[in-house]
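Enquirer: Next one to model:
(4 chains)
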There are 2 protein chains.
Amino acid sequence: MTSEEIAKLCGVSRATVSRVINNSPNVKEETRQKILAIIKEKDYVPIASARRLAGIDSNIIGLFVLDINISESTTRVSKSAYFSQLVNLIIDQANNFGFQVLVSIITSEKQLTEIRNLFISRTIFSAIFIGAFNEESQLDDNIILEYPTIIIDRQSKSAEEKPNRLVINLDNFEGAYNATQFLIKSGHTRIGHISGDLRKLSGIERYKGYKKALEDAKLCFDRKLVREGNFLEDSGYQLAYEILEENITAIFCANDVMAISAIKAIKEKGLSVPEDISVIGFDNTAIGNYIMPALTTVDAPLEYIAQTCIESLKYFCKNKHFKEKEIRIKTNLIIRESTKEA
Amino acid sequence: MTSEEIAKLCGVSRATVSRVINNSPNVKEETRQKILAIIKEKDYVPIASARRLAGIDSNIIGLFVLDINISESTTRVSKSAYFSQLVNLIIDQANNFGFQVLVSIITSEKQLTEIRNLFISRTIFSAIFIGAFNEESQLDDNIILEYPTIIIDRQSKSAEEKPNRLVINLDNFEGAYNATQFLIKSGHTRIGHISGDLRKLSGIERYKGYKKALEDAKLCFDRKLVREGNFLEDSGYQLAYEILEENITAIFCANDVMAISAIKAIKEKGLSVPEDISVIGFDNTAIGNYIMPALTTVDAPLEYIAQTCIESLKYFCKNKHFKEKEIRIKTNLIIRESTKEA
DNA sequence: TATATAGATGAACGCGCGTACAATTTGAAT
DNA sequence: ATTCAAATTGTACGCGCGTTCATCTATATA
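Expert: Residues are numbered from 1 along each chain as shown, chains lettered A, B, ... in the order given. As a prediction, the model looks like this:
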C-alpha cells in the first residue's frame, strides 16, 4: 500500500494525500476526512525510508549503554539493575512522545564506529549515552558532535564548544554527602566507604561527597577506610570483608547492589546490621526495600531523569538547540532499617 | 557524502561503487581496492533509508516487552531484573550479528498498533516478544504474522498455521518439578508455593511443575499452600506472611525476587532460613548469590535463550523460514544455602 | 458581468541507492 | 590481425514520499 494507491482510491493526487498525512492546513476539510477514512480503512502507513529520503528526520533515538572493558574486571554497567531501570524508563518516556528507541550496548571502542554509522546513515537522529567513563574518548568524534546528544553520568569538560550536547547528572556528590552526614549525625565516627568504579563520574563524586562530609564534621578522613569497588555484587561482598578489619561501625556503599552483598559479608562474619554495623546504599533499587533489614539508601529519581532526557530532546527538535548545557538532579535520602544510632 | 560523490572521486560510475558496497563479485580487484580506500578515507556510509527504498531489508529487530496492565495490580514485567537481563543479552547477541535492536515496552493494547506500523513502515523486519500473556491477542494480527516473529514465554496454540513464528520457552515445568522434588527428597512434606502471574505461561508451568512433583511423590497437593503472586517483590513479601500460617517447612517461589522478599517476611516473623523454612527461587538472578543466606534457585540460561533467538533469526533471513516451530530450553537447579534437610 | 483573490489541488522534481540491461574493455584463441 | 567470449563498467529506471510551483476553483468585490 502506497500513498499513490490511497490517492487513486480517493480520486485525488498523491500530493493531497501527503498533505493530509503531514497535517498541512491547505486541504479542504471534506477532502481531508475522506482521505483519512480511506487511510484508516486500508491500514496505510507511509514507508519510513521513503519519508526519510524525502527529508523527514528519523524519529529513532539511539540509546547507548557504554560498557567498555578497559581491564578484565571492569564494571558491566549493562548488568546493573540501576541502568536497566533507567533504560526502561527512557524508552517509556520516548514512546510517549512518539520517539522510537534503538538500544545498543557498547563493549568496545570499535563499536563506537557503529554509532557514527547509525548517525551518518540517518537511522537515528539523536543519541543518549549512559554509563559513560569520565575520560574523553571517541564520543567527541566530530561526526557525533553534529547531532543532539545527551550524556548521563559524565563530566562535561568543555560544554561551551559543544552546542548540541546536554549533560545530565545526578547530584551524586550531594547524595553521598547527605548519606555520610546522616551516619555522622547518628554518632558514627569510623565510617567506611565501598566506592564505585572510580573512572566513572558517579563513582568519583560519591567518593568525594563521602570525604567532604567527614571533613566538614571534623572527622579524620582515613584512606584505609575506603575500598575501590566497581558497583557489582562481588566487589561489595569482597570489600566488606576487608573493610570490616578496620574497626568501623558503618559503611556507605556507592550503590545498593554492593550494599546488599556487603550485608551478606557482615552477617557471615557473625555481625548484625544495623546493631553492629550500619549500611547505606545508593540508587534505591526495588529489592532494597525487600531485604532484611530494609536498606537505607539514596534515592536516584530515575523517572525524572528519563523525563528530563526526552523533554530536552523534544525541545531540541523544535529549537535546534538545548535549553541548558547541563542539568543536575537532586537525590533524596531514604531512611530504612539498615542504619542505627552508633 | 553520497555514493555519487564517491564514484566521482574514484573516476567510476555509481553502479560500481554500489557493487563494492554490496560485495558483488563482478568488480576488478584493483578497482575495488581503490573504491574501498576512498570510502574509508571519506567515512562514507550509505544512507540507510535510500537502501531500504531500493529494496534492501531493514536490519533492525523490534524487541517488545509486553507489559499490559489488565488489572491495576498486574505484573510490570519491564521492571524485573530477569527481563532486563534478557533484553540486554538479546541486544548483545543481535549486535554481534550485525542487527540493530529497537526496544519498546508495550503497556496497552493500543500500542500494539504501533508495532504493526513499525512493520508496515519497514522500520523493523522482525520482532521478538517477551513477557507475553498466554491469551491470544492482537499479536496474531495478520500483518504481524507476515513477518518473522519470535515469542518468548507464551504458549503456541496453532503453530502450524503460523509459519513465520517461533516460540521459545524455558522448560518451566521441569525446572519447577526439579526444584520441588529436591525439597521433597530433602524430607519436606508441607511445601508452599508462591506462584507467578497465572496468566503467563511461566507462571502456569511453574505451578504445574510444583503440583506434579507433589503428586508423583504421593504427597497430597493442597490448594491452600499455593498463593498467586505476580513475580514482583511486594507479592513475595505479602504472600509469604499468609502462607506461613499454613504450617509449612519450605516454599518454592516462582522467581528470585519473590523468594528474596519472602525470606524477609520469614525473618520478620522470627523464623530463620533455612533452619525453619527452606526457600527456593527461580531465575538465578545475580543478587541471589549475594543475599544471606545465598538463594537456592533454578537457573534460567538467559544467554542461551538470547543466542537461540538471534541464531534462529539469522537462519530465517537465509531460508525464509524458521528451522523449528518451538524450542524448549532446559533449566538447572542451583543448590545454595536457603534450603536444608527437613 | 468582469475581475481580483484566497483556497484547494495537481504535476513534476529530487532525495540516494540497487540492479537489470546495455555497452565497453580485456584477453585468449584463431 | 581477427573473432569471440568473459570480465568489467556504465546507463537508466524505479523504490515511495515531501514539496515547490503552476494551475484551477470558488468566492467576494467592483
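Enquirer: And the contacts of the least confident helix or strand in chain A by mean pLDDT?
Expert: The helix or strand of chain A with the lowest confidence, counting by mean pLDDT, DSSP states H and E, is helix A:142-145 at a mean of 74. Residues outside helix A:142-145 that contact it (C-beta atoms under 8 Å, 6 or more residues apart in numbering or on different chains): A:115-116, A:119-120, A:127, A:162, A:164-165, B:43. (Glycine included, C-beta is placed from N, CA and C.)
Enquirer: rerun at 6 Å
Expert: By C-beta atoms under 6 Å, 6 or more residues apart in numbering or on different chains, the list of residues contacting helix A:142-145 from outside reads A:116, A:162.
Enquirer: List the buried residues for it?
Expert: Of the residues in helix A:142-145, A:Ile144 count as buried by neighbour count, 16 or more other C-beta atoms under 10 Å in any protein chain shown.
Enquirer: elements contacting the very next helix or strand once past that helix?
Expert: As assigned by DSSP states H and E, the chain's next helix or strand after helix A:142-145 is strand A:149-152. Other helices and strands packing on strand A:149-152, by 3 or more C-beta pairs under 6 Å, 6 or more residues apart in numbering or on different chains; DSSP states H and E, are strand A:126-130, strand A:165-170.
Enquirer: Which one of those strands lies nearest to DNA strand C?
Expert: Among the helices and strands packed on strand A:149-152, the nearest to DNA strand C by C-beta to the nearest atom of the strand is strand A:126-130 (19.2 Å).
Enquirer: can you give me how far the least confident helix or strand of chain A is from the chain middle?
Expert: Its chain's C-alpha centre and that of helix A:142-145 lie 21 Å apart, by C-alpha atoms, centre = their mean, to the nearest Å.
Enquirer: Dump that helix to CSV, keeping only the CA atoms.
Expert: Extracted in CSV, the C-alpha atoms of helix A:142-145 (Å, rounded to 0.1, in the frame of the first residue of the first chain):
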residue,chain,number,x,y,z
ASN,A,142,33.2,15.4,15.2
ILE,A,143,30.5,13.4,13.5
ILE,A,144,28.7,12.7,16.7
LEU,A,145,29.0,16.3,17.8
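Enquirer: Tell me where the stretch 151-300 of chain A has strands.
Expert: Secondary structure of the stretch 151-300 of chain A (DSSP state E, counting those that start in this stretch): strands located at A:165-170, A:191-195, A:226-228, A:250-253, A:278-280, A:297-299.
Enquirer: Would you mind listing the outside residues contacting the longest one?
Expert: By C-beta under 6 Å, 6+ apart, the list of residues contacting strand A:165-170 from outside reads A:149-152, A:156, A:300, A:312, A:322, A:326-329.
Enquirer: coming back round to it: possible to save the helices and strands packed on strand A:149-152 as JSON lines with mean pLDDT and mean neighbour count?
Expert: Below are the helices and strands packed on strand A:149-152 laid out as JSON lines (pLDDT from 0 to 100; neighbours: other C-beta atoms under 10 Å in any protein chain shown):
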{"stretch": "strand A:126-130", "mean pLDDT": "94", "mean neighbour count": "24"}
{"stretch": "strand A:165-170", "mean pLDDT": "93", "mean neighbour count": "24"}
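Enquirer: a markdown table please, covering these and showing distance to A:Glu337.
Expert: Putting the helices and strands packed on strand A:149-152 into a markdown table (distance: least, C-beta to C-beta, whole Å) gives the following:
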| stretch | distance to A:Glu337 |
| --- | --- |
| strand A:126-130 | 31 |
| strand A:165-170 | 24 |
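Enquirer: got these as JSON lines, with distance to DNA strand C columns?
Expert: Putting the helices and strands packed on strand A:149-152 into JSON lines (distance: least, C-beta to the nearest atom of the strand, whole Å) gives the following:
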{"stretch": "strand A:126-130", "distance to DNA strand C": "19"}
{"stretch": "strand A:165-170", "distance to DNA strand C": "25"}
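Enquirer: Return the most buried member of the strands of the stretch 151-300 of chain A.
Expert: Most buried of the strands of the stretch 151-300 of chain A, by mean neighbour count (mean count of other C-beta atoms under 10 Å in any protein chain shown): strand A:250-253, with a mean of 31.
Enquirer: That one pairs with which strands?
Expert: Paired strands of strand A:250-253, with direction, are strand A:191-195 (parallel), strand A:278-280 (parallel) (DSSP bridges).
Enquirer: what ranges do the helices span in the stretch 201-342 of chain A?
Expert: For the stretch 201-342 of chain A, the helices defined by DSSP state H, counting those that start in this stretch cover A:201-216, A:233-243, A:256-268, A:302-319.
Enquirer: Looking at the ones you listed, spot the one closest to DNA strand C.
Expert: Closest to DNA strand C of the helices of the stretch 201-342 of chain A is helix A:302-319 (C-beta to the nearest atom of the strand; 20.4 Å).
Enquirer: ok, and for that closest one, which residues are buried?
Expert: A:302, A:305-310, A:312-313, A:315-316.
Enquirer: now swap in stretch A:95-111 and tell me
Expert: A:95, A:99-107, A:111.
Enquirer: Would you mind giving the domain segments of chain A?
Expert: Per automatic domain parsing, the structural domains of chain A span A:3-53, A:60-171+A:302-329, A:172-300.
Enquirer: Please state the offset of the longest one from the chain centre?
Expert: In this case it means domain A:60-171+A:302-329. The chain centroid and the centroid of domain A:60-171+A:302-329 are separated by 8 Å, computed with C-alpha atoms, centre = their mean.
Enquirer: now do the last one
Expert: Mean C-alpha position of domain A:172-300 versus that of the full chain (C-alpha atoms, centre = their mean) differs by 21 Å.
Enquirer: So for it, mean pLDDT?
Expert: Domain A:172-300 carries an average pLDDT of 95.
Enquirer: Show me the two of the buried residues of stretch A:95-111 that sit farthest apart.
Expert: Using C-beta to C-beta, the buried residues of stretch A:95-111 reach their maximum pairwise distance at A:Asn95 and A:Thr107, which is 25.8 Å.
Enquirer: Please list the residues outside stretch A:81-89 that contact it.
Expert: A:77, A:131, A:283, A:285, A:302-303, A:306, B:78, B:81, B:84.
Enquirer: Specify which member of the residues you listed is nearest to DNA strand C.
Expert: A:Gly131 (32.0 Å).
Enquirer: which ones are touching A:Asp222?
Expert: By C-beta under 6 Å, 6+ apart, A:Asp222 has no neighbours at all.
Enquirer: Please report how far it lies from DNA strand D.
Expert: The spacing between A:Asp222 and DNA strand D, counted by C-beta to the nearest atom of the strand, to the nearest Å, is 64 Å.
Enquirer: Equivalent analysis for A:Leu102, please.
Expert: A:Leu102 is 21 Å from DNA strand D, where distance means C-beta to the nearest atom of the strand.
Enquirer: Check whether that residue sits in a helix, strand or coil.
Expert: At A:Leu102 the chain is in strand, as set by DSSP: H, G, I helix; E, B strand; the rest coil.
Enquirer: doesn't A:Ile60 make contact with it?
Expert: Yes - A:Leu102 lies in contact with A:Ile60 (C-beta atoms under 6 Å); the separation is 5.3 Å.
Enquirer: Which neighbours do those two have in common?
Expert: Here A:Leu102 and A:Ile60 have A:Ile124 as joint contacts, going by C-beta under 6 Å, 6+ apart.
Enquirer: Report the contact partners of the spatially closest residue to A:Gln93 that is not a sequence neighbour.
Expert: Spatially, and ignoring its direct neighbours in sequence, A:Gln93 is nearest to A:Ile310 (4.1 Å; C-beta to C-beta, 6 or more residues apart in numbering or on different chains). Each residue near A:Ile310 by C-beta under 6 Å, 6+ apart is listed here: A:93-94, A:97.
Enquirer: again, only using 10 Å
Expert: A:61, A:89-97, A:99, A:101, A:128, A:150 (C-beta atoms under 10 Å, 6 or more residues apart in numbering or on different chains).
Enquirer: Give me the pLDDT value at the residue in the stretch 101-250 of chain A positioned nearest to DNA strand D.
Expert: As assessed by C-beta to the nearest atom of the strand, DNA strand D sits closest to A:Arg122 within the stretch 101-250 of chain A, at 12.8 Å. Per-residue confidence (pLDDT) for A:Arg122: 91.
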